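could you look at this predicted model? Sequence included:
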Amino acid sequence: FEDIHLFTKPNNPLSLFIAAYPTKYRRTCYIIVNLQKIKVMPATIDILINNTADTDLKNIAQKVKDQQRITDAECLTLFERGSLAFTGALANFIRERLHGNKTYFNRNFHIEPTNVCVFSCKFCSYSRLYANKEEGWELSIDQMLDIVRKYDGKPITEVHIVGGVHPKMNMAYFIELMQKIKAHRPDLHVKAFTAVELDYMFRKAKLTTAEGMKQLHEAGLDSLPGGGAEIFAPEIRKQICEDKVDADGWLSIHEEAHKLGMHSNATMLYGHIEKYEHRIDHMRRLRELQDKTKGINPFISLKFRNMDNNMSNVAESTTTEDMRLYAISRIYLDNFPHLKAYWPMLGRQNAQLSLSFGVNDIDGTIDDSTKIYSMAGSEEQTPAMSTQELVTLIKQVKRQPIERDTLYKEIKDYSAVDFSSAESLAQLK
């Protein structure tokens, strides 16, 4: 098969995908990964249905083919008995039914106002307690505006603002920041503040969630990131992040944003002390919110990293388990339009690999503007990719690179762009 050398290089994580398939399915594996432009997926799912001895798994595959929702019990069956090959094929079938080969990215940058935080999450390698604030950083409004101005004249569409929960960075502070960003660049989409940050701001300002969201939205807040969700189960939350907003609070904040016409992301922190049942409970509550509001765009699984935090004794999940989770979440979250892999967390090759396990978005250019995962030991210690690098990454695994805005409006199809052309390169600047 053409391009098979891409998947058998030493130490290439893509080889894990082939190795995980039983020998009799390896031909199917190559078709899924390398020859995706050939319309073989219906045949692939029929092969799975007809050749799966496990009745429960066979029924799940039939449901996927028929576009029927799977239950919590069936999701648990996938976690317990669904192989990487089986779950990956089902997830890829869904991904291609929804998006074909389209793989989205955007041009964005991050601002992290501070890593000083009043909370002490055990899994966090990023924050510094307020009592030790001299170990962290605190940016002024002018410093953050300087970061925004650095992108003047560049085709950036989004600024992503998240950080620690600093007691002196309150509602008034961030309202002023957003107003000044919008005054300088009105068309820049401001995606900002996790539910953890928002909950603290609202409580300190003595505002209801509805009042606080309305004020921030009027000041320039366009959408919410998905951070702070971690794992919703209270028994896990009590052990890893007891002192911050709970599941009901997180869900309420996102619901209020949706009522105002804003969209949001949703996340789940996995691979630490949670069990399959906790993952399913978390995804069920997100699926129920999405049924109600339809306001969530992508779901993002965030891999726990164990460097320099209070959970360093907990082993990280394997690449195989990472990909199984992407696949199973794509199968379970049937009302979510997009599944995103955050490439600075996974690394570039694993982000490529995820595109065969249900993922259709790998985030953006980022421009080395976030430290959250690099400080926790991720492969990408200086996370930045040019548009050309992102497009190449996507094309290498035979997918169709599409630049999008934050709300998934398509900006440009890069399928036919030749980066050796001076005219094409000029368009990127």
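Structure's in. What do you need? Numbers count the residues shown, from 1 in each chain.

every contact and neighbour count from this point should use C-alpha atoms.
Noted.

what pLDDT is listed against residue 272?
Model confidence at residue 272, given as pLDDT, is 96.

I should have written residue 73 there, sorry.
Per-residue pLDDT puts residue 73 at 98.

going forward, count from 48.
New numbering, starting at 48: the last item is residue 120.

packing partners for the helix or strand hosting it?
In this structure, residue 120 is located in helix 119-128 according to DSSP states H and E. On a contact count with 3 or more CA pairs under 8 Å, 6 or more residues apart in numbering; DSSP states H and E, helix 119-128 meets helix 102-112, helix 323-340, helix 366-379.

okay, buried residues for the shortest one please.
Residues 104-105, 107-109, 111-112 are the ones in helix 102-112 that count as buried (16 or more other CA atoms under 10 Å).

pick out the most distant pair among these.
By the measure CA to CA, the buried residues of helix 102-112 have their two most distant members at 104 and 112, which lie 12.4 Å apart.

show me the shaky parts of the protein.
Where the chain drops to pLDDT under 70, the residues are 48-90, 173-182, 414-430, 468-476.

from the centroid of it, which residue is nearest?
When the chain is reduced to its mean C-alpha position, the nearest residue by CA atoms, centre = their mean turns out to be residue 347, at 2.9 Å.

could you list every residue that touches it?
Contact criterion CA atoms under 8 Å, 6 or more residues apart in numbering gives 273, 312-315, 386-389 as the residues in contact with residue 347.

save those as JSON lines, and put in neighbour count, distance to residue 351 and secondary structure too.
Rendered in JSON lines, the data for the contacts of residue 347 read as follows (neighbours: other CA atoms under 10 Å; distance: CA to CA, whole Å; DSSP: H, G, I helix; E, B strand; the rest coil):
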{"residue": "273", "neighbour count": "23", "distance to residue 351": "15", "secondary structure": "coil"}
{"residue": "312", "neighbour count": "20", "distance to residue 351": "18", "secondary structure": "strand"}
{"residue": "313", "neighbour count": "24", "distance to residue 351": "16", "secondary structure": "strand"}
{"residue": "314", "neighbour count": "21", "distance to residue 351": "12", "secondary structure": "strand"}
{"residue": "315", "neighbour count": "22", "distance to residue 351": "10", "secondary structure": "strand"}
{"residue": "386", "neighbour count": "26", "distance to residue 351": "18", "secondary structure": "strand"}
{"residue": "387", "neighbour count": "28", "distance to residue 351": "16", "secondary structure": "strand"}
{"residue": "388", "neighbour count": "26", "distance to residue 351": "14", "secondary structure": "coil"}
{"residue": "389", "neighbour count": "19", "distance to residue 351": "13", "secondary structure": "coil"}
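
still on that earlier bit, buried deepest among the helices and strands packed on helix 119-128, which one?
helix 366-379 (a mean of 23; mean count of other CA atoms under 10 Å).

which non-adjacent residue is nearest residue 348?
Nearest in space to residue 348, with sequence neighbours left out and distances taken as CA to CA, 6 or more residues apart in numbering, is residue 315 at 5.0 Å.

who touches the one you found in this structure?
Counting by CA under 8 Å, 6+ apart, residue 315 touches 276-278, 326, 329, 347-349.

doesn't the residue nearest to the centre of the chain lie inside a strand?
Yes - per DSSP: H, G, I helix; E, B strand; the rest coil, residue 347 lies within a strand segment.

hey, what's it bridged with?
Under DSSP bridges, the beta-bridge partners of residue 347 are residue 314, residue 387.

so residue 237, which state does it fall into?
At residue 237 the chain is in strand, as set by three-state DSSP.

how many neighbours does it have?
Residues within reach of residue 237, counting by other CA atoms under 10 Å, total 22.

next: residue 133.
The tally of other residues near residue 133 (other CA under 10 Å) stands at 21.

ok, and the closest non-adjacent residue to it?
Excluding its sequence neighbours, the residue lying closest to residue 133 (CA to CA, 6+ apart) is residue 95, at 7.3 Å.

same question for residue 311.
Using CA to CA, 6+ apart, the closest residue to residue 311 is residue 271 (4.5 Å).

residue 149 now?
That would be residue 447: by CA to CA, 6+ apart, it lies 4.6 Å from residue 149.

residue contacts, that neighbour?
For residue 447, the contacting residues are 148-150, 441, 460-462, taking CA under 8 Å, 6+ apart as the criterion.

the stretch 148-297 of the chain: helices as residue ranges?
188-196, 218-231, 242-252, 256-266, 281-287, 294-306 (DSSP state H, counting those that start in this stretch).

mind putting those in JSON lines, distance to residue 361 and mean neighbour count included?
As requested, these are exported to JSON lines (distance: least, CA to CA, whole Å; neighbours: other CA atoms under 10 Å):
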{"stretch": "helix 188-196", "distance to residue 361": "35", "mean neighbour count": "15"}
{"stretch": "helix 218-231", "distance to residue 361": "36", "mean neighbour count": "17"}
{"stretch": "helix 242-252", "distance to residue 361": "24", "mean neighbour count": "19"}
{"stretch": "helix 256-266", "distance to residue 361": "35", "mean neighbour count": "17"}
{"stretch": "helix 281-287", "distance to residue 361": "12", "mean neighbour count": "15"}
{"stretch": "helix 294-306", "distance to residue 361": "23", "mean neighbour count": "19"}
